[in-house]
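Student: Pasting the sequence and the predicted model now:
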Amino acid sequence: MTSPSVSSRKVLSKIATNRLQKEITEWQANPPAGFKHKVTDNLQRWVIEVTGAQGTLYANETFQLQVDFPEHYPMEAPQVIFVPPAPLHPHIYSNGHICLDILYDSWSPAMSVSSVCISILSMLSSSTAKQRPADDERYMKKCRNGRSPKETRWWFHDDKV
């Protein structure tokens, strides 16, 4: 599952381009533990490898995140999904969509790709069960035809996981 091709999306603004170049430079100098940026020439779409933290249900497991940046990043949150197969987690749907408030309602331009990654790893690390969200099957039916997670009206009610 991937979002629309970059060629069908709007080009990054000058502010977004400058910010992302700065974030890449910072990432290369000090990458967050447990993450590897797969270097490409595409500034608008990053692929990031995630390794589960030691002592958690996901220890040594690897997953891939796809981060797509909108034209007006960082004023608008990036779209972040797990490339299937997504980890079994109560807040991660089979198609890789992530129910995490900072990706939607609680986004702030002060956040970065690194801070998002750390939040996702924290979410994975705090899980006590490897299972899909209770409404996974229903959500998957709604998401046919490549629906973006940004089109979902998320209900953030469970802060235990």
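Tutor: That came through fine.

Student: where in the protein is pLDDT low?
Tutor: Applying pLDDT under 70 to the chain picks out residues 1-9, 144-161.

Student: Find the residue at the geometric middle of it.
Tutor: Residue closest to the mean C-alpha point of the chain, counted by CA atoms, centre = their mean, is residue 80 at 2.7 Å.

Student: which secondary structure elements does whichever strand or helix holds that one contact?
Tutor: Per DSSP states H and E, residue 80 falls inside strand 79-83. Judged by 3 or more CB pairs under 8 Å, 6 or more residues apart in numbering; DSSP states H and E, strand 79-83 is in contact with strand 62-68. Backbone N, C-alpha and C define where each C-beta goes, glycine included.

Student: Return the set of buried residues in the strand it packs on.
Tutor: Along strand 62-68, these residues count as buried under the neighbour rule (16 or more other CB atoms under 10 Å): 63-68.

Student: so how many other residues sit close to residue 74?
Tutor: Using other CB atoms under 10 Å, the number of residues around residue 74 comes to 20.
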